[in-house]
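Okay, predicted coordinates and the sequence, questions at the end:
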Protein chains: 2
Amino acid sequence: MQPRIHFITFATANLDVARAFYRDGLGWEPLMDVLGEIIFFQVAPGLVLGLFDAEKFNEDLLGKTTATDVSGVTLSHNVGSPAEVDSTVQTLIAAGATMLKPPQQGAFGGIYHAYVSDPNGLIWEIAHNPGWNIDADGTVSFG
Amino acid sequence: MQPRIHFITFATANLDVARAFYRDGLGWEPLMDVLGEIIFFQVAPGLVLGLFDAEKFNEDLLGKTTATDVSGVTLSHNVGSPAEVDSTVQTLIAAGATMLKPPQQGAFGGIYHAYVSDPNGLIWEIAHNPGWNIDADGTVSFG
C-alpha cells in the first residue's frame, strides 16, 4: 500500500452550517455539493476534503461508529508569514470560526500558529513554519 | 484563505504501535520521526500526515481538547480495481488493522470499498472509485 491519501472525510453535524462557512464565508468553490449528503472541496493536488452528513457517515461505516462530533484531529493551513497567520485567523473568525489558541509562537521548529474551530467543531491550525518547504514537484522537506 | 491543507494531524494514543504499523507493517518511510512526540509521513504532493502523541497534541491545543481517540473522520486511499481493494485490505489486516466493513459495493457512484481501523483507531477507507480521476496537474474530477 502506497503512502497516499486521496480523501479526508469528516462526520458533519450540520451541512448547511458547513456550506455557509466554507463556500459563503471563505469563498471556496465546492467540487461537488450533494444537498443533505456531502460537500467536496479540492484541498491539495489529488486531495479532496469531504464534509459528510454525520448520520450518513455512520451508516456508511455500518454503524461501527456513532460520531457526530470530530475529535483527535487537526487540519493545518500554512501561510507565508506571521502577519498572514494573523490576517487568516481574522478571516476565519469573521466567517464564524471560534478561537481556540490565539496566534503565538508554537513549541516546535520556530512555528507561529493559531488554532480555530469551524462551526461544526473541526479544528484548523493556521501556521507560519519557516523550516517547512514544498518543492515544485510537491515533495515536502523540513529545514 | 485558499482551500489548501498542508498537514493532517491525529492524536495518537500509542506512537510505538503507530510506528510498527505504518513503518514496519506497511513499509512507509517517515519524513521525520521524533521519538515520543510525532511521526510524519508524506501522503500526497505537499501533504503531510502527522501522528502526534495524544498528550502533546492536547497540550499544543492548550487543553481545549482532551482527545486520546480519533472520531468522526476517515482517510481514503483509492486503488485501481476492486481486486486491488481486496489485496490492499489484506495487507492492512496482516499489518495489524481491524476490519470494520469488508470489501463490498458502496452506496455512491459505483464505488467498491472497505473500511479498516489502524491499531490506534484511525479509520481508513480503501476504495475503487470508477468515477473519480486525478489529472496530471493534480486536479480531481468526478465522472
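Good, I have the coordinates. Values in this document were obtained by computation on a predicted structure and should not be read as measured data.

for stretch A:29-47, how far is the first residue from the last?
Its first and final residues considered, stretch A:29-47 spans 15 Å by Cα to Cα, to the nearest Å.

Could you do stretch A:34-51 as well?
The straight-line separation of the ends of stretch A:34-51 (Cα to Cα) is 10 Å.

Show residues contacting it.
Contacts of stretch A:34-51 from elsewhere in the structure, counted by Cβ atoms under 8 Å, 6 or more residues apart in numbering or on different chains, are A:5-10, A:12, A:15, A:18-19, A:22-23, A:28-33, A:52-53, A:56, A:75, A:120, A:138, B:3-6, B:44-47, B:134, B:137-140, B:142. C-beta here means a position set from N, CA and C on the backbone, and glycine is covered the same way.

Now the buried members of those residues.
Buried by 16 or more other Cβ atoms under 10 Å in any protein chain shown: A:5-10, A:12, A:15, A:18-19, A:22, A:28, A:30-31, A:52-53, A:56, A:75, A:120, B:3-6, B:44-47, B:134, B:140, out of these.

Mark which of the contacts of stretch A:34-51 are part of helices, please.
A:15, A:18, A:19, A:56 (DSSP state H).

Need those residues in JSON lines (columns: distance to chain B and pLDDT).
Shown next, in JSON lines, are the ones in helices among the contacts of stretch A:34-51 (distance: Cβ to the nearest Cβ, whole Å; pLDDT from 0 to 100):
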{"residue": "A:15", "distance to chain B": "14", "pLDDT": "97"}
{"residue": "A:18", "distance to chain B": "13", "pLDDT": "97"}
{"residue": "A:19", "distance to chain B": "14", "pLDDT": "97"}
{"residue": "A:56", "distance to chain B": "8", "pLDDT": "95"}
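
So what sits opposite the most centrally placed residue in chain A in the bridge?
Centroid-nearest residue in chain A, with Cα atoms, centre = their mean: residue A:75, separated by 4.3 Å. Beta-bridge pairing for residue A:75 (DSSP bridges): residue A:124, residue B:8.

so it sits right up against residue A:126, yeah?
No - here residue A:75 lies out of contact with residue A:126, judged by Cβ atoms under 8 Å, at a distance of 10.0 Å.

now the strands for chain A?
Secondary structure of chain A by DSSP state E: the strands cover A:7-12, A:32-34, A:38-44, A:47-53, A:73-78, A:98-105, A:112-117, A:123-128, A:132-134, A:140-142.

Turn those strands into JSON lines, including mean pLDDT.
Output for the strands of chain A, formatted as JSON lines (pLDDT from 0 to 100):
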{"stretch": "strand A:7-12", "mean pLDDT": "97"}
{"stretch": "strand A:32-34", "mean pLDDT": "96"}
{"stretch": "strand A:38-44", "mean pLDDT": "97"}
{"stretch": "strand A:47-53", "mean pLDDT": "97"}
{"stretch": "strand A:73-78", "mean pLDDT": "97"}
{"stretch": "strand A:98-105", "mean pLDDT": "97"}
{"stretch": "strand A:112-117", "mean pLDDT": "97"}
{"stretch": "strand A:123-128", "mean pLDDT": "98"}
{"stretch": "strand A:132-134", "mean pLDDT": "94"}
{"stretch": "strand A:140-142", "mean pLDDT": "94"}
